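Trainee: Let's see this in three dimensions:
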Amino acid sequence: MTDLFSAAGLDENAPQPLADRLRPKNLTEVIGQDHLIGKDGPIGRMLANKRLASMILWGPPGVGKTTIAQLLAEDAGLAFDPISAIFSGVKDLRAAFDRAESRRSTGKGTLLFVDEIHRFNRAQQDGFLPFVERGVVTLVGATTENPSFELNSALLSRCQVMVLKRLDEFALESLLKRVEKETNSPLPLQTDARSALVDMADGDGRYLLNLAEEVTSLGQVAPLSVENLAKILQKRAPSYDKDRDEHYNMASALHKSVRGSDPDAALYWFCRMLEGGEDPLYLARRIVRMASEEVGLADPSALMVAGEAARTYERLGSPEGELALAHALVHITTAPKSNAVYAAYKLARKAAAQTGSLMPPKHILNAPTTMMKNLGYNQGYKYDHDEEGSFSGQNYFPDGMERPSFYQPEGRGREAPIRERMDYWAKRRAEIARKND
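Mentor: This is a model prediction of the structure:
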């Protein structure tokens, strides 16, 4: 197997980065992905059956996508041919396919590894299809983005999507032990500082090894405290892209935490998005939306608080205005919940689309002209304020349209008395209808 260090044209005696020296030599050394490469995992079963299918390795940075692809090629007896979608174009793809065709003529298969495969456009992705279908290449693509959004359905139908996990604390600690074995020296870190080093990596094994290499380069020093470690190293930037999958994942987590009445979780995801560089005005809009959709009339003040928090942020900006958003977020999360208005709105829109040609009943139409009066406009209309309980019980839907029921108050918070009034009006409406029959 050609390693990436040799492929770069560097002398084998040149200093190698720690991450390269510790690159696993076989799949059993890959950590944190047993659900895929273990004997009961899908990749493990493929290798046991000596049948390697094309696949997409989807996962965050630094969890072993490239390494797994290299080791799969070795285990399956295939030539490993790596390209990057960032630096490659149509010419490079054609050259890769030509190399694979040439190997095939000599009885040698090819594992074509495409890093950042989502960077290829739709037409370029379509270019893989005939070569995958004919078995010229076994395609292994790597991506940090959701394949269902970024890859053609035709390509996805020919590949299995393997989801790699973010490395947990146990896996990252295992990497640090490998560092100490490789360097034959314990890392000069106090216990809390060692935990802080793991936290800095934020699930990225490659980044952890880079951090550890910086620590080992200090030589023989007294064990570092958390404070001293922070001065030497920089924390990994949060994994967050405002235009891609992480944005929508965290927005979903925030929304569902509010719906689930969990203020701690809502604040956590709110702050995660802020730390990732999200525009606070986007969060302000989300909070207003959630106040309307999730709280509704169970607490009418929620929408007012959310709207005022958004205006406060517009006046104060960051960081002072963000506290007002947090205030509104906790308010709507702890408020009684009802989506009854939201559900009613969707039903009413559907009914309006289906019955859009029906006219209002004549008795509620104004009659400013004699002709309109002769046609029956406004005849029989009852002014509700003059009726018992300010309720006439008349029909306000088009004639011939069966009366629908859109709004069903949940009976929680401020909707409880609304439910009582609507039940009373329904009873009165039925009584009036019987009298008129």
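Trainee: State the next helix or strand along the chain beyond the host helix or strand of Ala95.
Mentor: Using DSSP states H and E, Ala95 sits in helix 90-105. Using DSSP H and E, the helix or strand that follows helix 90-105 in sequence is strand 110-115.
Trainee: what pairs with that next one, and is each one parallel or antiparallel?
Mentor: strand 79-84 (parallel), strand 138-143 (parallel) (DSSP bridges).
Trainee: most tightly surrounded among those?
Mentor: strand 138-143 (a mean of 24; mean count of other CB atoms under 10 Å). C-betas here are computed from N, CA, C, even on glycine.
Trainee: What residues of the helix or strand just after it count as buried?
Mentor: Sequence-wise, the next helix or strand downstream of strand 138-143 (DSSP H and E) is helix 147-150. In terms of neighbour count (16 or more other CB atoms under 10 Å), helix 147-150 has its buried residues at 147, 150.
Trainee: ok, now stretch 33-46?
Mentor: 33, 36-37, 43-44, 46.
Trainee: Between those residues, which sits nearest Glu387?
Mentor: Checking the buried residues of stretch 33-46 against Glu387 with CB to CB, the nearest one is Leu36 at 70.4 Å.
Trainee: ok, back up a step: which of the buried residues of stretch 33-46 lies closest to Ala326?
Mentor: Ranked by distance to Ala326 (CB to CB), the buried residues of stretch 33-46 are led by Gln33 at 37.0 Å.
Trainee: for the residue lying closest to the closest one once chain neighbours are set aside, what are its contacts?
Mentor: Once flanking residues are discounted, Gln33 sits nearest to Leu164: 5.6 Å by CB to CB, 6 or more residues apart in numbering. Contact partners of Leu164, counting by CB atoms under 8 Å, 6 or more residues apart in numbering, are 33, 36, 57-60, 63-65, 68.
Trainee: how far away is the residue most central in space within the chain from Glu294?
Mentor: Nearest residue to the geometric centre of the chain (CA atoms, centre = their mean): Asn249, 2.1 Å. Asn249 is 19 Å from Glu294, where distance means CB to CB, to the nearest Å.
Trainee: cool, Thr106 as well?
Mentor: Applying CB to CB, the value for Thr106 to Glu294 is 63 Å.
Trainee: residue ranges of the helices in the stretch 151-300 of the chain, please?
Mentor: Under the criterion DSSP state H, counting those that start in this stretch, the stretch 151-300 of the chain contains helices at 153-156, 169-183, 191-201, 205-216, 226-232, 245-259, 263-275, 280-290.
Trainee: so which of these gets nearest Gly77?
Mentor: Within the helices of the stretch 151-300 of the chain, the stretch nearest Gly77 is helix 153-156; the backing value is 24.8 Å (CB to CB).
Trainee: packing partners for the closest one?
Mentor: If contacts are counted by 3 or more CB pairs under 8 Å, 6 or more residues apart in numbering; DSSP states H and E, helix 153-156 sits against helix 122-126, helix 129-133.
Trainee: if we can go back for a sec, pLDDT at the residue nearest to Gln33, what is it?
Mentor: Residue-level confidence at Leu164 comes out at 94, pLDDT.
Trainee: now swap in Glu145 and tell me
Mentor: Glu145 carries a pLDDT score of 87 in this model.
Trainee: start the count at 35, not 1, going forward
Mentor: Sure, I'll start counting at 35 from here, so that last one is Glu179.
Trainee: Tell me who's in contact with the closest residue to it other than its chain neighbours.
Mentor: In space, and not counting its chain neighbours, Glu179 is closest to His152: 4.6 Å by CB to CB, 6+ apart. Contact analysis of His152 by CB under 8 Å, 6+ apart lists 119, 177-179, 181, 184-185.
Trainee: Hmm, Val329 is touching Ala369, no?
Mentor: Yes. Between Val329 and Ala369 there is a contact at 4.8 Å, judged by CB atoms under 8 Å.
Trainee: Next, show the common contact partners of these two.
Mentor: Common contacts of Val329 and Ala369 (CB under 8 Å, 6+ apart): Ala336.
Trainee: who's more crowded, these two?
Mentor: Neighbour count, other CB atoms under 10 Å: between Val329 and Ala369, Val329 has more, with 30 against 23.
Trainee: Tell me who's in contact with that one.
Mentor: If you count contacts by CB under 8 Å, 6+ apart, then Val329 has 336-337, 366, 369-372 around it.
Trainee: Are any of these buried, and if so which?
Mentor: 336-337, 366, 369-372.
Trainee: Quickly list the domain ranges of this structure.
Mentor: According to automatic domain parsing, the chain comprises the domains 38-197, 203-266, 279-368, 391-470.
Trainee: tell me how far the third one is from the chain's mean position?
Mentor: Per CA atoms, centre = their mean, to the nearest Å, the displacement of domain 279-368 from the mean C-alpha position of its chain is 17 Å.
Trainee: show me where pLDDT drops low in the stretch 85-234 of the chain?
Mentor: Scanning the stretch 85-234 of the chain for pLDDT under 70 picks out nothing.
Trainee: again, but for the stretch 285-434 of the chain
Mentor: For the stretch 285-434 of the chain, no range has pLDDT under 70.
Trainee: how about the strands in it?
Mentor: Shown for the stretch 285-434 of the chain, no strands are assigned by DSSP state E, counting those that start in this stretch.
Trainee: now the helix holding Ala129 against strand 144-149, angle please.
Mentor: 160 degrees (axes from the mean of the first three to the mean of the last three CA atoms, to 10 degrees).
Trainee: Give the buried residues for helix 124-139.
Mentor: Of the residues in helix 124-139, 127, 130-131, 134, 137-138 count as buried by neighbour count, 16+ other CB under 10 Å.
Trainee: now stretch 85-102
Mentor: The neighbour-count check on stretch 85-102 (16+ other CB under 10 Å) flags 86, 88-94, 96-102 as buried.
Trainee: Show me which of the residues you listed is closest to Asn408.
Mentor: Nearest member of those to Asn408, counting by CB to CB, is Trp92, at 70.9 Å.
Trainee: got a list of contacts for stretch 310-321?
Mentor: Taking CB under 8 Å, 6+ apart as the rule, stretch 310-321 contacts 272-274, 276, 280-281, 284-285, 288-289, 304, 307-308, 340, 343-344, 347-348, 352, 355-356, 359, 362-363, 366.
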